[in-house]
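>>> What shape does this take:
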Amino acid sequence: MLNMTYSKNGLKLTERFESCRLIAYQDVRGIYTIGWGHTPSFSGMTCTQEQADTWAMEDTTVAQRAVNELVTVPLTQGEFDALVDFVYNVGQGNFKHSTMLEVLNYGNYKKAAEQFDLWDKAGGKIVAGLLRRREAETQEFNS
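Predicted structure coming up:
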């Protein structure tokens, strides 16, 4: 089990792709989202900036814990940050059952890095924003 902490660089990566919205909106898959990409929410839900920031810290803590618990090989800070951002976006359940985690835990870092780009779709369609995010995560992972 790892014991790493999400860095300021990692947080900047998340903030780059999660704009803060104080009124709930439907994401590309139709899921109501609020704040810095926080779910669940509902139509018409609002929050303050303080609440959005609190949820973001809670959500990054959940993602950080998942990476620390599920990854069994040593990681660099860049690898850790990329994985936390990835889990923040796709959820810990998806990460737990992913080929990315499986090949990473076998020690195949190169193959794990190649897995990011496979997560660029929502509803079966490539989403430009997700593609950019996966490319940024891959770059961070390989830094």
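
>>> Now the element after the helix ranked longest in the chain, going C-ward?
For the chain, the helix with the greatest residue count under DSSP state H is helix 49-70. Proceeding N to C from helix 49-70, the next assigned helix or strand is helix 77-90, under DSSP states H and E.

>>> For the very next helix or strand once past that next one, the averaged confidence score.
Counting by DSSP H and E, the next helix or strand C-terminal to helix 77-90 is helix 92-96. If you average the pLDDT over helix 92-96, you get 96.

>>> Likewise for stretch 132-143?
On average, the pLDDT along stretch 132-143 is 97.

>>> what's the first-to-last distance across stretch 87-101?
The separation between the terminal residues of stretch 87-101, taken as C-alpha to C-alpha, to the nearest Å, is 11 Å.

>>> what residues does that stretch touch?
Residues from elsewhere that reach stretch 87-101 (C-beta atoms under 8 Å, 6 or more residues apart in numbering): 14, 17-18, 37, 59-60, 62-63, 66-67, 70-71, 83, 86, 112, 115-116, 118-119, 130, 133. Using the backbone N, CA and C atoms, a C-beta is placed for each residue, glycine as well.

>>> Next, the buried residues of it.
By neighbour count with 16 or more other C-beta atoms under 10 Å, stretch 87-101 contains the buried residues 87-90, 92, 95, 98, 100-101.

>>> For those, give me JSON lines that also has distance to residue 23.
Formatted as JSON lines, the entries for those read as follows, by distance: C-beta to C-beta, whole Å:
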{"residue": "87", "distance to residue 23": "26"}
{"residue": "88", "distance to residue 23": "21"}
{"residue": "89", "distance to residue 23": "21"}
{"residue": "90", "distance to residue 23": "24"}
{"residue": "92", "distance to residue 23": "26"}
{"residue": "95", "distance to residue 23": "29"}
{"residue": "98", "distance to residue 23": "32"}
{"residue": "100", "distance to residue 23": "33"}
{"residue": "101", "distance to residue 23": "34"}
